[in-house]
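K.L.:
please work out how this folds:
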Amino acid sequence: MNIAEYADDWMKGLNPLQKAAYHNQYLLTQKSAYTYHDGDRYALTGSSDLTTSYGVIESRLMQGEIAASDFFIAYAVTMAGASDLEMIITYMNWMHRLYPDKVIPYNLSTTSLRSRLDKLSKAGVIRSFNIISNDKKKGLFYGISELGAKAIRRRLDVNFLSYDTWPLVDCEQRVWRRLTANRLGAALMYLNKKEPPKFYTELYDKNEGVKVPVYVRQTCKYKDKDGKDCKAFLLVEPVSYAVDKHIKTEEELVKDENKRIRTLLSRIDVALGKGVQTRNVAEVCDTALLLFVVDDMAGLRKTAEIIYRISAVALENCLFTTERIIAGNNGKLNRCFFSAKATENEDGKISIKLHFEPKYKHIFGEDNFNDTSLTEEEVVALGMAKKTSAEKN
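P.N.:
Numbering: from 1, shown residues only. Purely as a prediction, here's the structure:
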């Protein structure tokens, strides 16, 4: 392969779609912000207090320190589960569009939102956590408290409210996976203007006789190229092969992921009307996709191989992305996914080939790719050029 001398000259020959593909290829080499590293942990922030009681929440309410609008923020935390600031902002904006007459805060800055979350945390309505890596704080996330969920149900007159009652018990890898899945879940919210994604629900696996957590699932309507009304079913599965060896082996992790993928693929078949559990024609979707959020290129290839060994045709209903790709494309879904094709070699090894061909624009939205963020530094890092234009002189 001939390597260009300067990146800007090489980039002149690319069309917008090719730029998007190379940008994503570079992002595949970057680890997710939520990739587990040995020693990673989370801890309550100084604003969280596990000893808060009913009386504290009542007192803050009676004194006007917590308003109804604050409870809508707490409601967003409840519905999304483990949530970072961007996830909460997205959920608030989505709710405001659906219910413009309610006192739902929207278009909040991260600084303003964090201040209000700290207030809710001090009152015991929510819990706030620091993400700590190498003994340094590198992020925040939030979860609902048992008392907070009860207060939301009463204060906002919510008859049915599902929530995680025990967030402090989850191991770091599970929390990191939830945060990763929710990054894609936030981007999926705008596909359905009336119903948000369902975060952290469960499916029953008949073969294993257990309930399997599903991190995000979404159903949305769209029109195909002929203008026909269609329905899509989407499942999000975060996959990471980084393991805390103090509690789990690599072999156990791969075995568990294999079982999870089998269960999720069977649910995709059900949505397409191929599964024995499909009860009626109304449940059948025109499109059903399993959306994997992996750490990087190695994780993508490993996951695609697992899928291929389960079913040679299952990859047709699978797409792959990373947390970095979602963030690097500002959540523009039609440019966030790779598909994969697999072939088995004579020696039994599986070869994986990635494809960047956005063919689900009718679901994820039109995109002309004109604002792709491919940089000269990324081109050099990919080995397509030796230097950036800044080095010409």
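
K.L.:
use CA for all of it now, contacts and neighbours both
P.N.:
Will do.

K.L.:
where does pLDDT dip in this structure?
P.N.:
By pLDDT under 70, the weakly predicted segments of the chain are 1, 165, 167, 275-282, 393.

K.L.:
and the helices in it?
P.N.:
Counting by DSSP state H, the chain has helices at residues 7-11, 16-27, 54-62, 68-80, 85-98, 110-123, 146-155, 172-188, 250-271, 297-310, 323-328, 361-364, 376-381.

K.L.:
do you know which of the ones you listed lies nearest residue 284?
P.N.:
helix 250-271 (5.2 Å; CA to CA).

K.L.:
would you indicate which residues of the closest one are buried?
P.N.:
For helix 250-271, burial by neighbour count (16 or more other CA atoms under 10 Å) applies to 254, 257-271.

K.L.:
contacts for that helix, please.
P.N.:
Contacts to helix 250-271, defined as CA atoms under 8 Å, 6 or more residues apart in numbering, come from residues 205, 212, 233, 235, 239, 241, 243, 275-278, 283-285, 288-290, 306-307, 310, 314, 317.

K.L.:
stretch 11-29 now?
P.N.:
Counting by CA under 8 Å, 6+ apart, 295-297, 322, 324-325, 328, 335-336, 356, 368-375, 378-379, 381-382 sit against stretch 11-29.

K.L.:
endpoint to endpoint, stretch 274-287 covers what distance?
P.N.:
12 Å (CA to CA, to the nearest Å).

K.L.:
just to revisit the earlier point, in strands only, show me the contacts of helix 250-271.
P.N.:
Secondary structure from DSSP state E places 205, 212, 233, 235, 288-290 of these in strands.

K.L.:
give the contact list for the closest residue to residue 318 other than its chain neighbours.
P.N.:
Spatial nearest neighbour of residue 318, excluding adjacent residues (CA to CA, 6 or more residues apart in numbering): residue 290 at 4.8 Å. Neighbouring residues of residue 290 by CA under 8 Å, 6+ apart: 234-237, 264-265, 268, 317-319.

K.L.:
let's see 10 Å
P.N.:
217, 233-237, 261, 264-265, 267-268, 314-320 (CA atoms under 10 Å, 6 or more residues apart in numbering).

K.L.:
look up how far residue 51 lies from residue 122.
P.N.:
Residue 122 sits 10 Å away from residue 51, going by CA to CA.

K.L.:
neighbours around the nearest residue to residue 106 once chain neighbours are set aside, how many?
P.N.:
Spatial nearest neighbour of residue 106, excluding adjacent residues (CA to CA, 6+ apart): residue 93 at 5.0 Å. By other CA atoms under 10 Å, 17 other residues sit near residue 93.

K.L.:
how about residue 154?
P.N.:
Residue 154 has 11 neighbours, counted by other CA under 10 Å.

K.L.:
against residue 82, how distant is it?
P.N.:
Distance of residue 154 to residue 82, computed by CA to CA: 22 Å.

K.L.:
same question for residue 250.
P.N.:
For residue 250 relative to residue 82 (CA to CA), the value is 25 Å.

K.L.:
how about residue 372?
P.N.:
Taken as CA to CA, the span from residue 372 to residue 82 is 30 Å.

K.L.:
the more surrounded of these two?
P.N.:
residue 82 (28 against 19).

K.L.:
separation between the residue nearest to the more buried one when sequence neighbours are not counted and residue 372?
P.N.:
Leaving aside its chain neighbours, residue 82 sits nearest to residue 143 (5.2 Å; criterion: CA to CA, 6+ apart). Note on residue 143: its distance to residue 372, by CA to CA, is 34 Å.

K.L.:
can you tell me which residues contact the residue nearest to residue 82?
P.N.:
The contact partners of residue 143, taken as CA under 10 Å, 6+ apart, are 74, 76-84, 121, 125-129, 163-168.

K.L.:
mind saving the C-alpha coords of stretch 330-340 as CSV?
P.N.:
Extracted in CSV, the C-alpha atoms of stretch 330-340 (Å, rounded to 0.1, in the frame of the first residue of the first chain):
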residue,chain,number,x,y,z
ASN,A,330,-22.6,13.2,18.1
GLY,A,331,-25.2,10.4,18.2
LYS,A,332,-26.0,10.5,14.5
LEU,A,333,-27.1,6.9,14.3
ASN,A,334,-26.9,6.3,10.5
ARG,A,335,-23.1,6.8,10.6
CYS,A,336,-22.5,4.9,13.9
PHE,A,337,-22.6,1.3,12.9
PHE,A,338,-20.5,-1.4,11.1
SER,A,339,-21.9,-4.6,9.8
ALA,A,340,-19.8,-7.8,9.8
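
K.L.:
flag every buried residue along it.
P.N.:
If you call a residue buried by 16+ other CA under 10 Å, then stretch 330-340 has these buried ones: 331-340.

K.L.:
one more: stretch 174-194?
P.N.:
Buried residues in stretch 174-194, defined by neighbour count with 16+ other CA under 10 Å: 175-191.

K.L.:
what spatial separation is found between residue 349 and residue 362?
P.N.:
Applying CA to CA to residue 349 and residue 362 gives a distance of 35 Å.

K.L.:
the two - which one has more neighbours?
P.N.:
Legend: neighbour count by other CA under 10 Å for residue 349 and residue 362, higher for residue 362 (15 against 10).
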